[in-house]
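**Q** below is the sequence, then the predicted model.
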Amino acid sequence: MKTPLQTAIEAALAAGDLLRQNFGGTLDVNAFEAHDIKLELDVRSQDLITQKLLAQFPDHAILGEEGVAGCADSPFQWVVDPIDGTVNYFYGVPHFCVSIALKHGEDIVAGVILDPMRNELWAAEKGSPTTLNGKPVRVSQRTRLSDAILSVGFSKTKATINAGMPLLEHYVQRARKCRLMGSAALDLAYVACGRLDAYIEQAVSLWDVAAGKLLVEGAGGIFQSVPREDNPQKISVRAWNGVLELEA
């Protein structure tokens, strides 16, 4: 029997191959939304990941952006984003990833994020260091906001966009740079390996950040989240290196 982390890595690599092979080609769109796109490839990628996970752990549950599968009452729940950064992918921007995490109860016990275009794979198990392509990584040690690079994400509703604009204005005047990258999971992976000093977003789904939470914590950083009062299915997130003095 393979370990959950081994299984997640194999599933992410299989999905990554699928995404890389189809990148830049003609894509079938299931839905155009105001600030998002739903691709047929999202569904195909999640189906492939689900098949890989349930083949090893048939009694586990799957919670993904494209639906649920498996044993619904299992204490083990895989949290899957088959393409995090779908809009980037659709427009030919090579900044997207596959994100897979395993929850046991309320604890995230394994997490994998794969950038298939750069062949970068972050992985972590609870209580163990985060790795990038097999080598341990750590968060940055920058303490001054004026030296820092932050990612400030924006969600897809008017309320969260309005909430995010003052936040962006606050930090863009104080940090060295602010970035809007288009992939929450990769933002967290970048915090984990020190490329970004912090990631802040007003409203994301669990599958956007589950694996990244474990990566950041396993690399010595801090991840905080609170449910949104206007939408309990969404959470507000702050993740940073743990020594940077965030002001908001």
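**A** Nice, thanks for sending it over.
**Q** contacting residues around the longest helix anywhere in the chain?
**A** In the chain, with assignment by DSSP state H, the single longest helix is helix 4-22. For helix 4-22, contacts defined as Cβ atoms under 8 Å, 6 or more residues apart in numbering pick out 2, 41, 44-45, 48-49, 52-53, 56-57, 78, 82-83, 89, 96, 98, 100-102, 109-114, 116-117, 121, 123, 125. C-betas here are computed from N, CA, C, even on glycine.
**Q** contact partners for the residue positioned nearest the centre of the chain?
**A** Among the residues of the chain, the one closest to the centroid is residue 185, at 2.0 Å (Cα atoms, centre = their mean). Taking Cβ under 8 Å, 6+ apart, we find residue 185 in contact with 81, 84-85, 97, 99, 113, 208-209, 211-212.
**Q** return the helix or strand in this protein with minimum mean pLDDT.
**A** The helix or strand of the chain with the poorest confidence is strand 29-33; it has a mean of 69 (mean pLDDT, DSSP states H and E).
**Q** strand partners (parallel or antiparallel) of whatever helix or strand comes next after that strand?
**A** Sequence-wise, the next helix or strand downstream of strand 29-33 (DSSP states H and E) is strand 36-39. Applying DSSP bridges to the sheet, strand 36-39 is found paired with strand 29-33 (antiparallel).
**Q** contacts for whatever helix or strand residue 200 lives in?
**A** Applying DSSP H and E as the criterion places residue 200 in strand 198-204. With contact meaning Cβ under 8 Å, 6+ apart, strand 198-204 is reached by 148, 150-155, 157, 160, 163-164, 167, 171, 184, 187-188, 190-191, 228, 231, 234-241, 244, 246.
**Q** filter these down to the buried ones and hand me the PyMOL line.
**A** Restricted to buried positions by 16 or more other Cβ atoms under 10 Å, the PyMOL selection for the contacts of strand 198-204 reads:
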select buried, resi 148+150+151+152+153+154+155+157+160+163+164+167+171+184+187+188+190+191+228+234+235+236+237+239+240+241+244+246
